[in-house]
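In: Give me coordinates for this.
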Amino acid sequence: MFEGSVGVLRWWNKPLRVLQFNLEDPYGFYAYRVDEDLLLNLALKLHANTIVVFARDAWGRVFYDGSKLYPRHPNSKLDLSRLVEKAREAGVHVVVMSAHTANRYIYRLHPKWAQRTSNGEVVVLEHYPTRAKISDPHWPLICINSPAMEEYFIPEVEESLRATGADGVLLDSFRYMPDPEKACYCEYCKTRFKRDTGFDLPTDDSSDEEAYRTAWEWRENVVVEALRKLWRAAKLANRDAMFFYNSHPAGWSGRGNVIVEKSRSILDAVFAEASEADTNAPGMLTMAAKLTRGLLGDPSKPVFVSRNLFYLLRTTQSPPLVHIRQGIREVVAAGGQPWVLLFSSQLFEDPRSLEAVEQVYGELEEAGEYVDTRDPVSYVAVAFSTETHEKAYREAPSFYVGEVSGFTYMLSNLHVPWSIVSLKDISRHEVWSRHKIMVLPNTAVLSDECTRGLVNFAYSGGYIVASHGFGIMKPDYTYTHTLALKDLMGVEFEGVFRFGYAYVHLNRDTGLWEGLPQAIPFGDQSVSFEYERVDVRLGEFMRIRPIDTDVLAWTRLGRSHYGYEYTLGRSTPAPDSVLNVASIVHKKVGDNGGGILYYSMRLGLHYSRLGHPDYLELLRRPLERYMAPPPIRVEAPDTVQSEFYHVGEGVSVHLVNHTYNQRILHAPTGPSKQSTPGFSPTYMVHPARTVIPVENIEITVSEELLGTLDIQAVDVLSGEELSTTRDKNVVKIKVPLLEEYRLIHIRPRR
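Out: This is a model prediction of the structure:
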């Protein structure tokens, strides 16, 4: 009905700066102090041009008059229709949150409509202690297969838009999970599943069972179908309303990501909620932005990435302001639209974070068109496979995500342009033709169409970088018992080594590995440390026999299953025999400069987990020797984030400095039979306090990007013109000092 409006400019195609304000408690502790004037004045002060607020909260109260579905919030004087009217006069857009599947009001009226576990317990969105009995929950999840969908959720979306006149609707926490622990087994689900598939809804969690596989995908499609119904309701109420969904890309085991990919045709945008930022290293917000952009598949559609204004879960306490400033800048640099979340308690008890928002949102407003991130400079594309995530690594998604994120961290540390693309798009010419390198980290599930696309890419001059279980499974769950593109690699596949620990034995004859030890360990101690000392999957190697290929490294065994030195059980064993089995191979493909580089181990996962520079060198050195140089790159410490975008006739370079004086994320070793009470706290999350300035950064731009004209480089925020020198076919730009953030625009001199 409304699909296919590609190229139509909407209000959300301009750079947005979002303020989300939540009134979120059953009694409305602060609700009486919040009205439309307070929210609008706050947004204007912060330079926000979009406000997001509940139309209906999780307790089933609305913030507008005349609802035929829900009661008015008894303690709130906020009127969303007046907020929309006043905001529109001030040039500010208002988006309402609607159809939250947590709804205590519906649950109290219709307990049978709630999502239920296989043993009949209510599925809740709130966090209960694991041994606590769920009773009268505040946030019970309502099943979207129940009558609530037609009687409440669909009418709610339409009513909230018509009653308030809002510019968009966000489906926040629209949750219906496929995982057996969180999946719904209510009578409505059982009846519909039987009707749709002929199977009884299975309660076991074995992917070897056809009913289980069917139920998993069926549950995903139930969400997609529900989104489509809500989308129709939204567009009937207001054709120009932005319709979008909270995917929470790093939460809920990442299950929302496949929903984004399957719903991309109807979504105008995606909210990539990133509440995990304080417990992750810098780069988590970048991953959320780029992953979601890739799955959405249309750079003109905005991806909103949130930076909470509070610290950890302490909603009444501001973090050090550097977290807010650098978090927002990281989001923008990564191509996301910035979004800050403020709770009512923090606004009235500790609003210090707002100072940082005002500063950075003000900078972004001043920068104007130069923060347009719709057209990133292309060089490396990292493919993300939702089928690998959902089929091959359903029970342990972190083993796949860790491999992907490890490669993205390495590329970030190398300061070259990179993006994430959906695997379903890599066979499209307009996608792979823009990139020179395609990275497929442990892409286990590969279709024949994708394989053909990769072959075309290599023969057209592109380079493929792949790792570990590349193409060992088809989308129909069958195994290939081989590796994808093994003929292009010039190898034979002979199975899998599962030793727990093994070594990469570097081939010195290549001249690549000077300064590195000959043997680099792979594998690590088990974190759970329950039955095994090591996690066998970490040290897993694919067994490949070289036929016609360049062997950059061989596989080398450890002397034992685990190390005897030091802790006797947690340490790494010494290296033993070198096998006639390759671990890193390289092969040129065709006559156009293409090729393939393959790692038989989980290189990315080891880098994301351990961060040792030896692992980075295993990628950097072949990349620089064999593959076409990037059109633009930065020489700076690993702690500097650099991102590149085509803007107007030039290129904008974002430099975000993550060189912090202190940030402690403490990981406990884990239990053992000999464990005694801990000496130091096992829970240590210390925030950054200040940014350490970095000197003498250099940006190198090739003629390929901006031609041979005289080049000018200007700091957008300060107006300072930077020194440029031409050296053969490149221009070098000196950035003498980076404090927190710089936005450099490079263009032909006017």
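In: Tell me how many other residues surround residue 244.
Out: 28 (other Cβ atoms under 10 Å). The C-beta positions use only the backbone N, C-alpha and C, and glycine is treated the same way.
In: Without its sequence neighbours, what residue ends up closest to it?
Out: residue 269 (4.0 Å; Cβ to Cβ, 6 or more residues apart in numbering).
In: likewise residue 319?
Out: Per Cβ to Cβ, 6+ apart, closest to residue 319 is residue 311, 3.6 Å.
In: and if you look at residue 486?
Out: Distances taken as Cβ to Cβ, 6+ apart put residue 493 closest to residue 486, at 5.6 Å, once the chain neighbours are dropped.
In: Could you list everything the one you found pairs with in the sheet?
Out: residue 544 (DSSP bridges).
In: any idea of the pLDDT on it?
Out: On pLDDT, residue 493 comes in at 97.
In: Can we start the residue count at 613 from this point?
Out: New numbering, starting at 613: the last item is residue 1105.
In: just to revisit the earlier point, was I right to think the residue nearest to residue 856 contacts residue 914?
Out: Yes. With contact defined as Cβ atoms under 8 Å, residue 881 counts as touching residue 914 (4.6 Å).
In: what residues are up against residue 1254?
Out: 1024, 1027, 1245, 1246, 1248, 1265, 1266, 1267, 1268 (Cβ atoms under 8 Å, 6 or more residues apart in numbering).
In: Work out for me the element the closest residue to the second one other than its chain neighbours sits within.
Out: To tie it back to what came earlier, the one meant is residue 1027. Taking Cβ to Cβ, 6+ apart, and ignoring the residues beside it in sequence, residue 1027 has residue 1246 as its nearest neighbour in space, at 3.9 Å. Using DSSP states H and E, the element containing residue 1246 is strand 1244-1247.
In: any idea which strand is longest in the chain?
Out: strand 1187-1201 (DSSP state E).
In: Moving C-terminal from that one, which element do we reach first?
Out: Following strand 1187-1201 toward the C-terminus (DSSP H and E): strand 1206-1211.
In: hang on, the earlier thing: settle this for me: the residue nearest to residue 931 is touching residue 933, isn't it.
Out: No. Using Cβ under 8 Å, residue 923 makes no contact with residue 933, being 10.9 Å away.
In: In terms of neighbours, single out the busier of these two.
Out: The residue with more neighbours, out of residue 923 and residue 933, is residue 923; 20 against 17, by other Cβ under 10 Å.
In: What values do phi and psi take at that one?
Out: phi -100, psi 130 (degrees, to the nearest 10).
In: just residue 1322 next, same as before
Out: The phi/psi pair for residue 1322 (degrees, to the nearest 10) reads phi -60, psi 130.
In: what's the lowest-mean-pLDDT helix or strand in the chain packed up against?
Out: Lowest by mean pLDDT, DSSP states H and E among the helices and strands of the chain is strand 1276-1277, with a mean of 74. Where contact means 3 or more Cβ pairs under 8 Å, 6 or more residues apart in numbering; DSSP states H and E, strand 1276-1277 is packed against strand 1297-1298.
In: tell me what the strand it packs on is packed against?
Out: strand 1276-1277.
In: pLDDT on the longest helix along the chain, on average?
Out: For the chain, the helix with the greatest residue count under DSSP state H is helix 822-849. What helix 822-849 shows for mean pLDDT is 97.
In: Neighbouring strands - and their directions - for the helix or strand just after that helix?
Out: Next helix or strand after helix 822-849 toward the C-terminus (DSSP H and E): strand 854-858. Counting by DSSP bridges, the strands paired with strand 854-858 are strand 780-783 (parallel), strand 881-884 (parallel).
In: And the contacts of strand 854-858?
Out: For strand 854-858, using Cβ under 8 Å, 6+ apart, the contacting residues are 622-624, 707, 779-786, 839, 842-843, 846-847, 868, 871-872, 875, 878-883, 885, 916.
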